[in-house]
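Chemist: sequence first, predicted coordinates after that:
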Amino acid sequence: MKRLALTGICMLAASGLLSSAAVAAGRQDKILEFDTMVGVSRPYTGSANPIRGVNGGGLPWAIGPVKGELTTQGKLEIRVTGLVFADDPAVPAQNRGKNTVPNFRAIVSCQTVNMQTDPPSAQVLNLTTGLFPATEEGNAYIEAQLDLPQPCLAPVIFVTNPNGAWFAATGM
């Protein structure tokens, strides 16, 4: 029985050391990991129906495979493939299936708490990255470090144009 108890204590100590080693090695817990985003479609184009205060792009967009994650330390990575104008009658025929925007940005939108009000109130905080180059085929790699609010509830990730209108958002 003593041997079993000693083994259990050793296992707990070892797991604590492993956890400490993971933290020391820079492991960052993920808030959000995603493999899908959805392109902006009507009725979300323009300013008629913003999501968390973020307007949609002026025309419909489509997106291919995506891989992304957001960590608790605010590291955002998104590999975007095929973010292009949709095959939609609203899009001029010569632009369908193409990206005409040379740079994308990302926005991380968090529900958080405004401690400056009495009593504290709910608020949306949108954090914007710098610019990242995008190809005519709509491919881009976005990597940024953001200062996330505490708490950051129900994050939504947007890929936007340089002015902040969204072309794709986390969802399906």
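Modeler: Yes, it's here. Numbering: from 1, shown residues only.

Chemist: now the strands for this structure?
Modeler: Counting by DSSP state E, one finds strands in the chain at the ranges 30-34, 37-39, 46-51, 54-56, 61-62, 66-71, 75-80, 84-85, 103-114, 121-128, 132-133, 140-145, 153-160, 166-170.

Chemist: list the contacts of stretch 160-169.
Modeler: 37-40, 51, 54-58, 61, 63, 66, 80, 83, 101, 103-107, 128, 131, 156-159 (Cβ atoms under 8 Å, 6 or more residues apart in numbering). (C-beta placed from N, C-alpha, C; glycine too.)

Chemist: any weak-confidence spans in the protein?
Modeler: 1-26 (pLDDT under 70).

Chemist: number of nearby residues for Tyr141?
Modeler: Using other Cβ atoms under 10 Å, Tyr141 has 14 other residues around it.

Chemist: is it true that it touches Leu76?
Modeler: No: using Cβ atoms under 8 Å, Tyr141 is not in contact with Leu76, being 11.3 Å away.

Chemist: quickly list what's touching both of those two.
Modeler: What both Tyr141 and Leu76 touch, as defined by Cβ under 8 Å, 6+ apart, is an empty set.

Chemist: neighbours around Gly64, how many?
Modeler: Neighbourhood size, Gly64 [other Cβ under 10 Å]: 15.
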